[in-house]
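>>> Quick one: sequence plus predicted model below, questions after.
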Amino acid sequence: MDPIPALRFDNTYARELEGFSVPWKPALAPEPALLFLNRPLALELGLDPAALDGAAGAALFAGNAVPEGAEPVAQAYAGHQFGGFSPQLGDGRALLLGEVLDVQGRRRDIAFKGSGRTPFSRGGDGRAAVGPMLREVLIGEAMHALGIPTTRALAVAATGEPVLREAGMLPGAVLTRVAASHIRVGTFQFFAARGDEARVRMLADYTLARHDPGLVGTPDRHAGLLRAVARRQARLIAQWMNVGFIHGVMNTDNMTLSGETIDYGPCAFVEAYDPGAVFSSIDSGGRYALSNQPLIARWNLARLAETLLPLLGDAAEAAIAQATEVIDAFPGWYAAELLAGRRAKLGLLRPDPTDEALAADFLALLHAGNVDFTSAWRRLGEAAAGDDAPLRALFPEPQAPGVWLARWRTRCAEEDEAGATGAAGAGAATAGPQGAARAARMNAVNPRVIPRNHRVEDALEAASDDGRLEPFERLLDAVRRPYDDAPGLAPYAEPAPAAVTAGYRTYCGT
Ligand code: AMP
Ligand code: MG
């Protein structure tokens with residue numbers, strides 16, 4: 001069988017980085033069945049989706065038919081988990097198959113998750129269950145549709161082998177993940193913790209070549225790498241915050257150098273806005289609560305900076321100064337990204353010193369009124385078009401946002417007037433078309449549909465318990481169209497009943 005002749009592997013990680021991974025083979029699946037194939041992503045990779053349906057695709061994506069040119073390896077990494085350092089984690093249930101160049105020439109990792117035990121498995125079974133792997137599909141595709149950098153699922157195949165979890169025996173599955181790379185803060189920590197400066201340097205140079213080729217050969221390239229990673233993370237976390245995404249397990253082994261979101265475990269989108277929102281059952285201390293995410297990102301970047309110190313110059317003090325400069329700059333970079341995003345969410349085009357307070361005060365109103373974050377932003381677009389009522393209806397007291405709305409309208413009107421004078425030859429535009437244009441802009445950045453936690457749970461339960469994939473497929477279709485006003489998507493736009501959200505917990509690592 002020649003399952004995927006179109007994938008042309010070029011495995012630089014396995015080939016160039018000796019001592020960074022262990023060659024390994026996926027476990028055999030007794031009864032492979034393809035549950036999900038990402039057709040658009042398959043096309044990006046130059047694959048023919050039609051050739052992957054059926055038995056060939058099932059065998060491939062369950063790990064039974066390792067494609068030609070793949071050199072599966074388990075990658076080594078360490079990590080701070082909830083603040084405590086583990087010097088050896090690594091791919092305990094994952095394998096990097098290799099890298100392929102996609103149709104646009106971008107290098108992308110192809111990796112399995114749930115493909116069996118490896119030398120890094122410690123006490124784990126190396127397996128994954130159907131539900132959590134389909135969850136990774138849903139959230140990853142939603143993030144991608146929202147324009148947020150993310151690893152993506154190419155396929156999920158059931159293995160036919162049950163896995164034992166707290167909930168009992170669950171159907172097992174393998175996820176095939178596509179990523180810009182799987183280099184994590186924890187990968188650097190693995191070698192730094194062993195005092196292996198040569199390998200930290202190799203990894204830094206490899207990462208530069210892969211993610212920041214413009215910095216290769218520049219003076220201070222390693223400080224440049226730290227800065228580039230910090231900038232990517234500033235942008236990423238700001239994007240998370242502007243859609244209310246809570247990663248849930250921002251350990252250093254779950255933070256990429258590429259700036260892609262990785263590892264959708266106990267993640268969730270906030271419903272009623274609460275900066276302290278936590279859903280993960282394992283995050284009882286709230287370390288990874290919604291509003292802590294930028295602080296944790298900075299903390300993780302400081303851990304990366306520590307690993308790079310020996311590369312930043314011969315004089316320790318100068319190295320520390322370079323690293324500190326980046327870590328100290330991070331909050332400002334993050335704030336600027338966040339504000340730019342918020343300005344767009346408010347329908348504003350030009351920066352104004354009052355923007356930060358305007359956005360913060362809107363969020364404070366949502367928090368005080370227990371108002372659904374996603375619905376409120378979306379309905380602000382309707383207010384821009386002239387109808388306040390849908391937004392007001394979200395509040396326990398419809399008059400609650402009145403004063404704020406007046407402020408926002410004044411700001412919008414000022415901007416419209418400035419724009420009208422600024423445009424050569426244009427007369428004063430009426431509020432109508434400007435309001436409609438603003439609403440259209442806002443509707444392109446304020447999603448209507450996100451993967452609502454109750455919808456995700458229902459879809460995964462149907463797939464895992466009864467083998468029914470339709471709820472998953474319908475939800476997937478909806479989250480892939482986050483800005484679409486189609487009436488058929490209305491059920492996916494609605495928040496969960498408050499009682500459901502109040503008790504909602506996500507579970508990790510299954
Ligand atoms: P995660 O919380 O998914 O980011 O995983 C943290 C670490 O635990 C990584 O080293 C994983 O490879 C490992 N791990 C998670 N689940 C399993 C499992 N079922 N078997 C073996 N290792 C696992
Ligand atoms: Mg992980």
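The structure has been received and is ready for your questions. Ligands and ions are numbered 1, 2, ... in the order given.

>>> chain center to stretch 105-119: distance?
17 Å (Cα atoms, centre = their mean, to the nearest Å).

>>> again with stretch 284-296
The answer for stretch 284-296 is 16 Å, by Cα atoms, centre = their mean.

>>> In stretch 72-82, which residues are buried?
P72, V73, A74, Q75, A76, Y77, A78, G79, H80, Q81 (16 or more other Cβ atoms under 10 Å). To be clear about C-beta, it is placed using only N, CA and C from the backbone, and glycine gets the same treatment.

>>> Which of those residues fall within strands?
V73, A74, Q75, G79, H80, Q81 (DSSP state E).

>>> which residues touch the last one?
So the one you mean is Q81. L89, N251, D253 (Cβ atoms under 8 Å, 6 or more residues apart in numbering).

>>> Excluding chain neighbours, what is closest to the residue in the stretch 301-450 of the chain that ligand 2 sits nearest to?
Nearest residue of the stretch 301-450 of the chain to ligand 2, counting by Cβ to the ion: R303, 15.2 Å away. Closest residue to R303 apart from its sequence neighbours, by Cβ to Cβ, 6 or more residues apart in numbering: T252 at 5.2 Å.

>>> Wait, the one you found touches A192, no?
No. Taking Cβ atoms under 8 Å as the definition, T252 is not a contact partner of A192, at 11.2 Å.

>>> Would you point out which residue is most central in the chain?
T261 (3.1 Å; Cα atoms, centre = their mean).

>>> Contact partners for that one?
Contacts of T261 by Cβ under 8 Å, 6+ apart are G140, M143, I148, P149, T150, T151, L236, W240, H247.

>>> Find the pair from the ones in strands among the buried residues of stretch 72-82 with maximum spatial separation.
V73 and H80 (23.6 Å; Cβ to Cβ).

>>> How is the protein divided into domains?
4-182, 186-343 (automatic domain parsing).

>>> could these go into CSV alongside mean pLDDT?
As requested, the domains of the chain are exported to CSV (pLDDT from 0 to 100):
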stretch, mean pLDDT
domain 4-182, 97
domain 186-343, 97
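
>>> Compare the ones you listed and give me the one nearest ligand 1.
Nearest to ligand 1, of all the domains of the chain, is domain 4-182, at 2.2 Å by Cβ to the nearest ligand atom.

>>> The closest one and ligand 1 in contact?
Yes. Shown here: domain 4-182 in contact with ligand 1 (Cβ under 6 Å from any ligand atom) through L89, G90, D91, G92, R93, A94, F120, S121, G124, D125, G126, R127.

>>> Let's verify the closest residue to ligand 2 within the stretch 251-400 of the chain: helix, strand, or coil?
Ligand 2 sits closest to D263 of the stretch 251-400 of the chain, with a gap of 4.0 Å, by Cβ to the ion. What DSSP: H, G, I helix; E, B strand; the rest coil gives for D263 is coil.

>>> distance of it from E99?
19 Å (Cβ to Cβ, to the nearest Å).

>>> Of T252 and A192, give the one with the bigger neighbour count.
Between T252 and A192, counted using other Cβ atoms under 10 Å, T252 has the larger neighbour count: 28 against 22.

>>> Tell me who's in contact with that one.
By Cβ under 8 Å, 6+ apart, the neighbours of T252 are A78, G79, H80, R184, V185, G186, Q189, N300, R303, L304.

>>> Identify those among these that sit within strands.
Per DSSP E, the contacts of T252 map to strands at G79, H80.

>>> Inside helices: which ones of the contacts of T252?
Cross-referencing those against helices under DSSP state H gives V185, G186, Q189, N300, R303, L304.

>>> on that earlier part again, quick one: contacts for the residue of the stretch 251-400 of the chain closest to ligand 2?
Contacts of D263 by Cβ under 8 Å, 6+ apart are V249, N254.

>>> follow-up on the earlier one: now compare the buried residues of stretch 72-82 and name the two farthest from each other.
P72 and H80 (27.2 Å).

>>> can you tell me which residues contact R452?
Applying Cβ under 8 Å, 6+ apart, the residues near R452 are F269, E271, Y492, E494, P495, A496.

>>> Ok, D10 next?
For D10, counting by Cβ under 8 Å, 6+ apart, the contacting residues are G98, E99, V100, L101, R107.

>>> switch to 6 Å and redo it
D10 makes contacts with E99, as judged by Cβ atoms under 6 Å, 6 or more residues apart in numbering.

>>> For it, grab phi and psi.
Torsion angles at D10 (phi, psi; degrees, to the nearest 10) stand at phi -140, psi 100.

>>> what does the chain have sitting close to ligand 2?
N254, D263 (Cβ under 5 Å from the ion).

>>> which one's the longest strand in the chain?
strand 152-165.

>>> Tell me the buried residues in that one?
Taking 16+ other Cβ under 10 Å as the criterion, strand 152-165 shows R152, A153, L154, A155, V156, A157, A158, T159, E161, V163, R165 as buried.

>>> For that strand, name the packing helices and strands.
strand 33-37, helix 55-61, helix 130-145, strand 168-179 (3 or more Cβ pairs under 6 Å, 6 or more residues apart in numbering; DSSP states H and E).

>>> Take these and write them to a markdown table, including mean neighbour count.
Shown next, in a markdown table, are the helices and strands packed on strand 152-165 (neighbours: other Cβ atoms under 10 Å):
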| stretch | mean neighbour count |
| --- | --- |
| strand 33-37 | 21 |
| helix 55-61 | 22 |
| helix 130-145 | 25 |
| strand 168-179 | 22 |
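
>>> Let me know which of these is the nearest to A315.
That would be strand 168-179 among those, by Cβ to Cβ, at 36.2 Å.

>>> Contacts only, for the closest residue in space to V371 that isn't next to it in sequence.
Sequence neighbours aside, L394 is the residue nearest to V371 in space, at 4.8 Å (criterion: Cβ to Cβ, 6+ apart). L394 is in contact with V371, S375, A376, counting by Cβ under 6 Å, 6+ apart.

>>> Return the distance of L394 relative to A383.
11 Å.
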